[in-house]
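J.: below: sequence and its predicted model.
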Amino acid sequence: MDKPKNPAGGLDEDVHQFLDALWLEKNLSANTLQAYRQDLDSLFRYLQPREMRLRQAEHADLAGFLATRLSAGAALRSVRRQLSSLRSFYAHALREGWIRRDPSLDLSSPRLGRHLPEVPTESEIEALLAAPDQSHPLGLRDAAMLELLYATGLRVSELVTLQLSQIDIAAGVLKTFGKGRKERLVPIGERAQDLLVDYLRRARPELLQQGAQAALFLSQRAAPMTRQRFWQLIRHYGRIAGIRCRLSPHSLRHAFATHLLDHGADLRSVQLMLGHAQLSTTEIYTHIAQARLQALHAAHHPRG
């Protein structure tokens, strides 16, 4: 890799030496070195009116710099990356003896806000589930898959790899294997049970034609359904149903959890059905439910 060229003028000479050290010791890409350069150049320009070099900056100067970036509307991820660059620079400065104390040590990283996924409403889900034409084998298969996915909250990989032996329709449960091959039992629900019985009687034998196949859901060629094909089907039926939000198989998993909580299910039960290892992973759905209640209140309460 060719040694990156330093831009002419302006930038603190300590930064040039730091970047050279990164290039020699870690063989970082030109893009990564440029990101470091931009982050440290931002601090350099912040300190310029005070006629300070980076090695002269104190904790309060760095905290003020980060606060200024946030107040100017910089993305949290960008500010977190800048803090990481500062910590790397000042750790290097301490090793080189340029400073006696690292001013970045006690800086707290700004917390990223929790991203709330877009979840289809109950009426949108109803329209989606009604979209397949059940008079044809493929449409009946699709209806059964959509209904089962919404009824169980399975991951798409769990859905398309289901085997006949994993379904107990009489008991109304299925057995699935999640991340780390952890086994769990999930209730199916009456509507999904009815559609599965209909699919197994009327559609699957036609799709199977001849031979044996352990997979529950089959393609037109009697092969197991793939994740990619099912993804395409959900988008297709979403368009038919007139759903505006961007649908994916995971949208039905989100809807499963959110709608359960909307109707009073406890968080621990939802965690078990989803197969989450940590309850904190499931808690995002309580935030979605709360956000929906707030939006409903704002839209319909006379003083909202």
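T.: Arrived safely, thanks for sending.
J.: going forward, measure contacts between C-alpha atoms and count neighbours the same way
T.: Will do.
J.: contact partners for K179?
T.: When the contact criterion is C-alpha atoms under 8 Å, 6 or more residues apart in numbering, K179 has no partners at all.
J.: mind pulling up the pLDDT for it?
T.: With respect to pLDDT, K179 scores 74.
J.: over to the one 3 residues further on?
T.: Looking at K182, its pLDDT stands at 81.
J.: for the protein, which spans come out with low pLDDT?
T.: Residue ranges of the chain with pLDDT under 70: 1-11, 110-117, 280-281, 283-284, 286-304.
J.: hey, which helix is longest across it?
T.: Looking across the chain with DSSP state H, the single longest helix is helix 76-96.
J.: give the buried residues for it.
T.: Buried residues in helix 76-96, counted by 16 or more other C-alpha atoms under 10 Å: 76, 79-83, 85-87, 89-93.
J.: quick check: next helix or strand after it?
T.: Next along the chain after helix 76-96, taking DSSP states H and E as the criterion, comes helix 122-130.
J.: check which helices and strands the very next helix or strand once past that next one is in contact with.
T.: Beyond helix 122-130 in the direction of the C-terminus, DSSP H and E gives the next helix or strand as helix 137-152. For helix 137-152, the elements it packs on are helix 122-130, helix 156-160, strand 183-187, helix 190-198, helix 204-208, helix 249-262, judged by 3 or more C-alpha pairs under 8 Å, 6 or more residues apart in numbering; DSSP states H and E.
J.: could you give the angle of helix 137-152 to helix 190-198?
T.: 150 degrees (axes from the mean of the first three to the mean of the last three C-alpha atoms, to 10 degrees).
J.: ok, now which ones touch the residue of the chain positioned farthest from its centre?
T.: In the chain, the residue that sits farthest from the middle, by C-alpha atoms, centre = their mean, is E51; the gap is 43.8 Å. By C-alpha under 8 Å, 6+ apart, the contact list for E51 is empty.
J.: one more time with 10 Å, if that's ok
T.: By C-alpha atoms under 10 Å, 6 or more residues apart in numbering, the contact list for E51 reads 44-45.
J.: and the one 3 residues further on, by the same measure?
T.: If a contact means C-alpha under 10 Å, 6+ apart, then L54 has 12-15, 40-41, 43-44, 46-48, 61-62, 86, 89-90, 93, 99 as its contacts.
J.: I243: which element?
T.: Counting by DSSP H and E, I243 is part of no helix or strand.
J.: the contacts of L54 in strands, which ones?
T.: The members of the contacts of L54 all map outside strands under DSSP state E.
J.: any of the residues you listed buried? List them.
T.: Applying 16+ other C-alpha under 10 Å to those flags 12, 14-15, 40-41, 43-44, 46-47, 61-62, 86, 89-90, 93, 99 as buried.
J.: and which of those is nearest D194?
T.: L86 (60.2 Å; C-alpha to C-alpha).
J.: what's the spacing between that closest one and R50?
T.: For L86, the distance to R50 (C-alpha to C-alpha, to the nearest Å) stands at 18 Å.
J.: for D106, same thing?
T.: Counting by C-alpha to C-alpha, the gap from D106 to R50 is 22 Å.
J.: from the buried ones among the contacts of L54, pick the one nearest F256.
T.: Ranked by distance to F256 (C-alpha to C-alpha), the buried ones among the contacts of L54 are led by L86 at 43.0 Å.
J.: identify the residues contacting the closest one.
T.: Neighbour list for L86: 36, 39-40, 43, 54, 62, 80, 92, 103-105 [criterion: C-alpha under 10 Å, 6+ apart].
J.: the nearest residue to E124 once chain neighbours are set aside - how many residues pack around it?
T.: In this structure, E124 finds its nearest non-sequential neighbour in I243, 6.4 Å apart by C-alpha to C-alpha, 6 or more residues apart in numbering. By other C-alpha atoms under 10 Å, the residues close to I243 number 18.
J.: from R235, how far off is I243?
T.: Relative to R235, I243 is positioned 9 Å away (C-alpha to C-alpha).
J.: anything in contact with each of those two?
T.: Counting by C-alpha under 10 Å, 6+ apart, the shared contacts of I243 and R235 are L128.
J.: now L174: closest residue in space that isn't a chain neighbour?
T.: Excluding its sequence neighbours, the residue lying closest to L174 (C-alpha to C-alpha, 6+ apart) is I167, at 4.5 Å.
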